[in-house]
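Peer 1: Curious how this folds, go ahead:
(chains A, B and C)
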Amino acid sequence: MTTPVSTSAHTSPTKQVLRQALNHRGVMFGAFVVLAIIFIAIFAPMLAPHDPYEQILSRKLIPPVWFDSPKTTWDHILGTDHLGRDYLSRLIYGARISLMIGFSAMLISGVIGTTLGVCAGYFGGRIDNVINFVITTRLSMPVVLVALAVVSLMGSSLTVVIWVLGLLIWDRFAVVMRSATQQVRGLDFVASAEALGSTTPRILFVEVLPNILNHFIVIATLEMAHAILLEAALSFLGLGVQPPDPSWGLMISEAKGLMFFDGWLIAIPGTALFLLILAINLLGDGIRDVTAPENRN
Amino acid sequence: MGECHLTFLKQNGLDTVIAFFIKRLVTALLVVLTVSAMTFSMTFLTGDPAIAVAGENATQADIVRIREYYGYDRPIPVQFMSWLGRAAQGDFGQSLYLNQPVSIEIFARLKTTMTLGLSALIFALVLAIPLGVVAAIRPNSLLDRFALTVAVVGQAMPSFWFALTMMLWFGINWRILPVSGTDTWAHFVMPSIALGYFITPGVMRLTRAGMLEVLRSDYIRTARAKGASGFSILFKHALRNAIIPVVSLAAVQFGFMLGGSIVIETIFAVNGLGFLAWESIQRADLPMMQAIVLVLSVFYIMLTFLADVLNAWLDPRIRIS
Amino acid sequence: MADPVLSIRNLTVGLPVKLDRKNAVTGISFDVRPREILCVVGESGSGKSITSLATMGLLSPGLKVTSGSIDFDGRDVLKLSNKERNAMRGDQMAMIFQEPMTALNPAYTVGAQIEEVFRIHRTLSAADRRAEVMRLLEEVRLPEPKRLYDAFPHQLSGGQRQRIMIAMALALDPKLLIADEPTTALDVTTQAQILVLLKQLNERHDAGIMFITHDFGVVAEIADRVVVMRHGEIVEQGTAEEVLNNPQHPYTRALIDAVPRPMTEDTTPEANENPVVIDVQGLNKTFTTSTGMFKPARTVTAVNNVSFQVKRGETLGIVGESGSGKTTLVRCLMRLIEPDNGAINISGVDFAAKSRSELRSHRKDIQIVFQDPYGSLNPRRTIGSQLIQGAINFGIPRKEAWDRVYKLLDIVRMPHDSVNRFPSQFSGGQRQRLCIARALVVQPKVLIADEAVSALDVSIQREVLHLLNDIRDRLGLTVIFITHDLRVAAQICNEVLVMQYGSVVERGGVSQIFNAPSHDYTKALLSAQPGQNWDMPVFDEGDTLAKI
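Peer 2: The predicted structure is shown next:
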């Protein structure tokens, strides 16, 4: 009756989760693609066959090699754009911009949202009311529109885009961390830590945070994907990354006018964007599956 | 339904209901006030708004005249109060570009955006709810996997790229649908799908999760113990409860969609509020931008209020306490 | 003797793979006859609920009947089509569940939910259906049937909801009624009322009742015949008289032995000359709730002017039903909740008057063990780091702290290598031992046990109670023991406070409370204890349960 029901004697929850993750198809696929894109982004100068900025107008609009066209050449596997720039090289450098913006904006919003959410959830009462009000206010402002307006007023640059997105998309962090914290706060081990004389920061960092970390990771992936999509949309509307920098959103925007003749011009960067977002989302969903299956939805 | 409403008033007393609505309304007004302040502060993002308004080739005298004309020389709180006071009466000032009151243009465009938003919402709900229900009935079945794939793919596809791709196939290659404008209902098909599919995954997942949870609940077991048929269990007992959170999600997502319609409207040249916002941003028409942000925010706040009321109406646990 | 209405033969229900056991239920056979109450008794994991669900055809998808038959009214229900089963369920066999709070659909009125049974199985006019529902509401003794008809489940108490469930089950006068722990989630006074109701209904209806329970007191109260289950097998069955008073199987004997006994002998506690450790004066706590959207904020008095003292080495029991304010009282005592006013003197320090930061250095004097063994340990930290935390917080050097931890692990009889493990690797009873060790690591003067054994099976409950007694005597602790169960309080306490609606209604020594209660509520609580007329046999087989 009193024998512990355990399959493995000394494994920590973290190790168990890792083992499950290794058997989860979504996690493995997502992790593989994301890591591959990170690798490509880091080693872009070595991997890119051409200078992504170099315009050779005589070689413009060469289709990718699998097209049945006399212009195709293995020198430009994915062809060239309307200014004769190598499409593959621009795609490779574009990964840098997507990842950098996604990651930085996610970090900024993660810090803001988690701080607000944990404080609201842990302290409750008046603090909770105030933070809830702040969250409601933020949610009522249309993200894309405000981002566009602010970027257009302040002038577009990578830094501005990162900060504007980071300051706008913390709402989901705040909402999720708040309810997760509330849940943990109600558990008896927190009361017991209080009774054992642990200080509030100690309780927050040792008892609460490790138990909501899984939620953080899940939201972090989702928000990173969200930020990348928003950047692409901003760039697509001409208010994000500015030419000649290669952003996938901007590449689609630049090809918009030509897409009726050369559909591949939008298909290639679109697919790249789609794959990256898909991989990040699958990774996030998978992490949620293995860490907190009860929160699946 | 009317009967429901009567018991609702009877059991709570009119005054508690009114008290609730007043409390909720005060919060909403406070949010509107805060949003207004933030919208208003956009004026000063660029430094001196007079210089921005005057444009690049203005002389110093022009700038001074503009500053006085628009009242930028007054203290900021005074400017805010007068802006807010006028906004409350529907007067958002004069468009810098169109030479007419901002409000006229906005209300002219609002109808198009509403049409687009509503049809997108209907598209999303009609697709997402049945898919979510079916997925929940047989978890891990082929249908469930299909539904999950739709959700995962939907979430990963950039909406503008999806819109362009649709345009390419349906508009250009197959010539089934018109690619731009708002002349007929057919013009709204692609924009609605492009706008609506984005919220489909969320609604689908919530429906599925809600159904799964409800189907596992004790009262479903009670219904089965009573001998209720599968159909009655699914629709009368389960969906009735699972749909409650979906309704409020739909209301909130509708608000998000209107805010996000700028991309889709731009692509399909749908002459709505989003398109107007984009034009205004291009023209640096600040009063117009502010007004659109404010109108959409207020609309969102009204939607969440509506969602609360709907929730209370659907859920007897909230309605009668 | 009448033919059985239900006869289960060699029933085996398989568990999904990868569990520690192959079958949930292995080869069991028993009968239920018309007009009899058959109690199926067992601890958690004994397979008793699975048996009832298999009979109703309500097993969850992972579980499958692998062999055997369930003959109901001459037909094997395992061979019926879904349609035939649906026609049978609710009409000829009906079921009541453990959790009345969640067993009713929150979206419909209770009247409509009872009516649904008639809608499904009979063709009656709306007026007739309504009349039937009114009749049933009266039969299960619900007040104001007309008003209740339109009530939603959340407006009713647990006891009322369980009566609705019973009304629903009896609607069509079934041949078999299955009641799966129908009173476990209820307060003891409500439980007594429901048991009386079931007995009365049993006299008026012909149904055979299969009553699942873990509580031998309840068995003694209502059973005609008893089936004892353990690990999915039947260890003993017979008439209530045989099984209760002359059990044959050692497991049954050990289970009966572990049932908390009511106080019978008159033991006047020896006068305790020790100093007062806890002195509470005029403690109050009110909550303002505003949970419902349209609910005006309501104030609830959770603790109402409570005063008491406890001397060193004593165990004070605080007994009350749910909502009596006993948990709020002890949480206020520790300042885990802020009391509104009053004085709390713990060995000379006024806990109520200190600021929260001043209080921290005094917190070690009073420690607590909670009810839920699963929520009271942090799942992400090793047992060792959680046990040592308190000592570290109070500046004990690491080495000395570890010494204390190991010593305490010995005291609570847990192996030393527990420190490297995580909570998920321990059972409920083991977790409670670890929680006791964690509380003791700061060498408190007072230990509060807040329903610390309520979530445990009787056999484990008994071990933990022994442990608490042992520790109190060895370490000279003062213990406050919160429980809803008077029988448990009687086993461990010197004195008992009885609480109702936030106030102390009676205080006295254990024998006084049991043999000469003065307050009506205490009397009601005592008379509601199930199985009072059962003279429990004593086997004194000690810790046999742990061995077999």
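
Peer 1: Near residue 199, how many residues? Count them for me, please.
Peer 2: Just going to use chain A. 14 (other C-beta atoms under 10 Å in any protein chain shown). For glycine as for every other residue, the C-beta is placed from the backbone atoms N, C-alpha and C.

Peer 1: let's do chain C instead
Peer 2: Neighbours around residue C:199, by other C-beta under 10 Å: 13.

Peer 1: How about residue B:141?
Peer 2: Neighbours around residue B:141, by other C-beta under 10 Å: 12.

Peer 1: And for the one 4 residues further on?
Peer 2: The local packing count at residue B:145 equals 12, with neighbours defined by other C-beta under 10 Å.

Peer 1: quick one: low-confidence parts of the chain?
Peer 2: Since you didn't name a chain, this refers to chain A. Along chain A, the parts satisfying pLDDT under 70 run over A:1-11, A:292-297.

Peer 1: Chain C, not that one
Peer 2: Those would be C:1, C:18-20, C:262-271, C:289-297, C:540-548, if you go by pLDDT under 70 across chain C.

Peer 1: Over to chain B?
Peer 2: Ranges of chain B meeting pLDDT under 70: B:1-17, B:46-47, B:52, B:55-56, B:320-321.

Peer 1: Report the closest residue of it relative to chain A.
Peer 2: Nearest residue of chain B to chain A (C-beta to the nearest C-beta) works out as residue B:259 at 2.7 Å.

Peer 1: Look up phi and psi at that residue.
Peer 2: Torsion angles at residue B:259 (phi, psi; degrees, to the nearest 10) stand at phi -60, psi -30.

Peer 1: Quick check: it touching residue A:145?
Peer 2: Yes - counting by C-beta atoms under 8 Å, residue A:145 is a contact partner of residue B:259 at 5.7 Å.

Peer 1: what do those two both touch?
Peer 2: residue B:296 (C-beta atoms under 8 Å, 6 or more residues apart in numbering or on different chains).

Peer 1: So is the helix or strand residue A:134 falls within next to chain C?
Peer 2: Using DSSP states H and E, residue A:134 falls within helix A:125-140. No - taking C-beta under 8 Å from any C-beta of the partner chain as the criterion, helix A:125-140 and chain C are apart, separated by no less than 11.0 Å.

Peer 1: other SSEs contacting that helix?
Peer 2: helix A:87-123, helix A:171-185, helix B:14-41, helix B:286-314 (3 or more C-beta pairs under 8 Å, 6 or more residues apart in numbering or on different chains; DSSP states H and E).

Peer 1: could those helices go into CSV alongside mean neighbour count and distance to chain C?
Peer 2: Formatted as CSV, those follow (neighbours: other C-beta atoms under 10 Å in any protein chain shown; distance: least, C-beta to the nearest C-beta, whole Å):
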stretch, mean neighbour count, distance to chain C
helix A:87-123, 22, 13
helix A:171-185, 21, 9
helix B:14-41, 15, 5
helix B:286-314, 21, 5
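
Peer 1: Using the three-state scheme, assign residue C:27.
Peer 2: strand (DSSP: H, G, I helix; E, B strand; the rest coil).

Peer 1: Roughly how far does it sit from chain A?
Peer 2: Counting by C-beta to the nearest C-beta, to the nearest Å, the separation of residue C:27 from chain A is 22 Å.

Peer 1: what about that residue, how many neighbours?
Peer 2: With other C-beta under 10 Å as criterion, residue C:27 counts 14.

Peer 1: list the contacts for the closest residue to it other than its chain neighbours?
Peer 2: In this structure, residue C:27 finds its nearest non-sequential neighbour in residue C:10, 5.0 Å apart by C-beta to C-beta, 6 or more residues apart in numbering or on different chains. Residue C:10 is in contact with C:27, C:28, C:29, C:67, C:68, C:69, counting by C-beta under 8 Å, 6+ apart.
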